[in-house]
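1. I need the structure of the sequence given here:
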Amino acid sequence: MFNRFNAPQILVSSFLMLILSGTVLLLTPWATGGNGTDFVTALFTSASAVCVTGLVVVDTGTYWTFFGQMVILLLIQAGGLGIMSFATFYALLLGKKIMLRQRLIMQEALNKSSLEGIVNVFRILLIFSFAIEFLAGICLAIHLHFKYGYEPLKAFWFGIFHAVSAFNNAGFDLFGNYTSLTKFTSDPLFDFLIAFLIIIGGLGFVVIYELMDYRKNGRLSLHARIVIRMTMILVGFSTLIIFVTEYNHALQGFSLGTKISASFFQAVTPRTAGFNTLNMNSLLVSTQFLIILLMFIGGSPGSTAGGVKTSTLSVVWLMVVNQIKGRKTASILERQIDNQNVLRALTIIILALSFVIVVTFLMCLTQEAELMEILFEVVSAMGTVGLSLGLTLKLNLVGKLLIIITMFLGRVGPLTLVLALANRREQPEMQYPEDKIMLG
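-> A predicted model of the protein is given here:
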């Protein structure tokens, strides 16, 4: 059946089927321990888990049973690593050969520029992902058991769940009452482990693969260098801004060390994990706006994170800087950026901005909320973040459906969705006479 579809269409279809499968499982009585739940709640939760967003209309820790939480965990894992990751995993286990068509879909899933070494990247990705989730889960479990007195089995389940949720940048938590990680604001060890998983998961699997291979090769690609630099700049700059602006506000009353760790964590989580150790409504409007910008940017291509991606922003910014300097091409680190990359980056940002504007307008028409609440919610869904100012719980049916669509678009990517829906035909090679129009 899939032979007639191109790679973007297969990716979009696989995510849709996974969301629907998760919805069916969450509708069963086993997921709630009673008579089941309503369709929209199950659909919203399944879409949020598959799209690794973390926005919830019911409390994950108290509403769902262990079975329901297990379903959510599996949806997070499958949605974060991607359907093709698991298809490849089973193919490799069975010793099957990965065909060219499968390699093309894998290339699209990782947003990789070439097919070179794609199967090996997937193999390393799966081993690394499962290993780091398990090890981090054990560390979290030990910490929860000895410091907070959690029973061993509960500590183990909470540790594994939050490790998977953090690495896949999902933002789902089991601590109850929509509190996220606010009880761990003064726990630097717990916060560091979660932040570390978020950053690693948001770097992108191609970058992780290059870092693991760095000792042997001694070099990193231009993409990896841009992603790492941009991540460091965004996290460092945002930590400083949050620390300064919230020092005598949301951070008031905490020790200096806690203020620094809380600022760092809140700078990391909008890209795009959805956990929070500070109450979002207690933050200044300026800080909330900074978080909106960070959520829109998101993580890096081929990662578990959403947003327009760090490399996309870098390419557009380089183009702007080079235009100001009077150069015809964008360049960085003694490398010239291909014009197709520049046009693709511009397309992604314009599509994402357009969708945010349209959905925000529709939400303003249908929801009783302030503009900041709505914009925060829409960008959080678009960036698959999961942070909220409390609007999620107040959404009506139209609002829930709009957020579901936005989460889905944010996960598959605006350009991928457009390519999947468009009927692309081979265009004839022709060149029209050049002309100019007035700009600015």
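
2. phi, psi for Ile142 please.
-> phi -60, psi -40 (degrees, to the nearest 10).

3. hang on, it packs against Ala155?
-> Yes. Using Cβ atoms under 8 Å, Ile142 is in contact with Ala155, at 7.5 Å. Backbone N, C-alpha and C define where each C-beta goes, glycine included.

4. the more surrounded of these two?
-> Ala155 (22 against 14; other Cβ atoms under 10 Å).

5. which element, helix or strand, includes that one?
-> Assigned by DSSP states H and E, Ala155 belongs to helix 152-167.

6. got a list of contacts for that helix?
-> 54, 66, 69, 73, 76-77, 80, 129, 132-134, 136-145, 150, 170-174, 193-194, 197-198, 200-201, 273, 275, 304 (Cβ atoms under 8 Å, 6 or more residues apart in numbering).

7. could you check how far the residue nearest to Leu189 when sequence neighbours are not counted is from Gly218?
-> In this structure, Leu189 finds its nearest non-sequential neighbour in His143, 6.3 Å apart by Cβ to Cβ, 6 or more residues apart in numbering. Look at His143 and Gly218: by Cβ to Cβ, to the nearest Å, they are 36 Å apart.

8. and the two? Which one has more around it.
-> His143 (18 against 7).

9. looks like that one contacts Phe192 (just checking).
-> No. Using Cβ under 8 Å, His143 makes no contact with Phe192, being 10.7 Å away.

10. buried stuff in stretch 248-260?
-> 250-251, 254, 258-259 (16 or more other Cβ atoms under 10 Å).

11. report all helices and strands that whatever helix or strand comes next after the helix holding Ala155 contacts.
-> Where DSSP H and E defines the elements, the next helix or strand beyond helix 152-167 is helix 188-203. Counting by 3 or more Cβ pairs under 8 Å, 6 or more residues apart in numbering; DSSP states H and E, the packing neighbours recorded for helix 188-203 are helix 118-148, helix 152-167, helix 222-245, helix 256-268.

12. now render the ones you listed as JSON lines, adding mean pLDDT.
-> Putting the helices and strands packed on helix 188-203 into JSON lines (pLDDT from 0 to 100) gives the following:
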{"stretch": "helix 118-148", "mean pLDDT": "86"}
{"stretch": "helix 152-167", "mean pLDDT": "95"}
{"stretch": "helix 222-245", "mean pLDDT": "90"}
{"stretch": "helix 256-268", "mean pLDDT": "93"}
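
13. need these in CSV (columns: distance to Thr366).
-> Rendered in CSV, the data for these read as follows (distance: least, Cβ to Cβ, whole Å):
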stretch, distance to Thr366
helix 118-148, 38
helix 152-167, 30
helix 222-245, 32
helix 256-268, 30
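
14. if I look at the residue nearest to the spatial centre of the chain, how far off is Val207?
-> In the chain, the centroid-proximal residue (Cα atoms, centre = their mean) is Ala305; its distance is 2.4 Å. As judged by Cβ to Cβ, Ala305 and Val207 stand 12 Å apart.

15. if we can go back for a sec, buried subset of the contacts of helix 152-167?
-> 54, 69, 73, 76-77, 80, 129, 132-133, 136-137, 140-141, 143-145, 150, 170-174, 193-194, 197-198, 200-201, 273, 275, 304.

16. Leu401: neighbour count?
-> 15.

17. brain fart, Asn396
-> 11.

18. which parts of the protein are strands?
-> 331-332, 335-336 (DSSP state E).

19. among the buried residues of stretch 248-260, which two are most distant?
-> Maximum pairwise distance in those, criterion Cβ to Cβ, is 11.7 Å, between Ala250 and Thr258.

20. my guess is Val359 meets Val378, correct?
-> Yes. Using Cβ under 8 Å, Val359 makes contact with Val378 at a distance of 5.0 Å.

21. shared neighbours of those two, anything?
-> Thr406.

22. neighbour count: the two, which is higher?
-> Val378 (27 against 23).

23. quick one: low-confidence ranges for this protein?
-> 1-10, 82-122, 302, 330-331, 333-334, 414-430, 434-440 (pLDDT under 70).

24. contact partners for Asn276?
-> 180-182, 266, 269, 387 are the contacts of Asn276 under Cβ under 8 Å, 6+ apart.

25. same check on Ala345?
-> Counted by Cβ under 8 Å, 6+ apart, Ala345 has contacts 311-313, 315-316, 319.

26. inside helices: which ones of the residues you listed?
-> 311-313, 315-316, 319 (DSSP state H).

27. contacting residues around the spatially closest residue to Leu401 that is not a sequence neighbour?
-> Leaving aside its sequence neighbours, Leu401 sits nearest to Val40 (Cβ to Cβ, 6+ apart; 7.8 Å). Taking Cβ under 8 Å, 6+ apart, we find Val40 in contact with 57, 397, 400-401.

28. just the buried residues of these.
-> Applying 16+ other Cβ under 10 Å to these flags 57, 400 as buried.

29. tell me the one among the contacts of Val40 nearest to Phe237.
-> For those, the nearest to Phe237 is Val57 (33.4 Å; Cβ to Cβ).

30. hmm, that closest one is touching Thr45, no?
-> Yes. Using Cβ under 8 Å, Val57 is in contact with Thr45, at 7.2 Å.

31. end-to-end on stretch 181-188?
-> 12 Å (Cα to Cα, to the nearest Å).

32. brain fart, stretch 261-274
-> 17 Å.

33. just give the number of residues close to the spatially closest residue to Leu125 that is not a sequence neighbour.
-> Computed as Cβ to Cβ, 6+ apart, the closest residue to Leu125 that is not its neighbour in sequence is Phe205, at 4.4 Å. Applying other Cβ under 10 Å, we find 27 residues neighbouring Phe205.

34. separation between Phe205 and Leu391?
-> The value you get for Phe205 to Leu391, if Cβ to Cβ is used, is 32 Å.

35. ok, now Thr23?
-> When Thr23 is compared with Leu391 (using Cβ to Cβ), they lie 22 Å apart.

36. what do you get for Ile260?
-> Ile260 is 30 Å from Leu391, by Cβ to Cβ.

37. next one: Gly61
-> The value you get for Gly61 to Leu391, if Cβ to Cβ is used, is 20 Å.

38. again, but for Ile127
-> For Ile127, the distance to Leu391 - Cβ to Cβ - is 39 Å.

39. higher neighbour count, those two?
-> Leu391 (22 against 11).

40. wait, doesn't the more buried one sit right on Ile374?
-> Yes. Counting by Cβ under 8 Å, Ile374 is a contact partner of Leu391 at 6.7 Å.

41. okay, and the common contacts of these two?
-> Gln367.

42. buried residues in stretch 27-46?
-> 27, 31-32, 37, 41-46.
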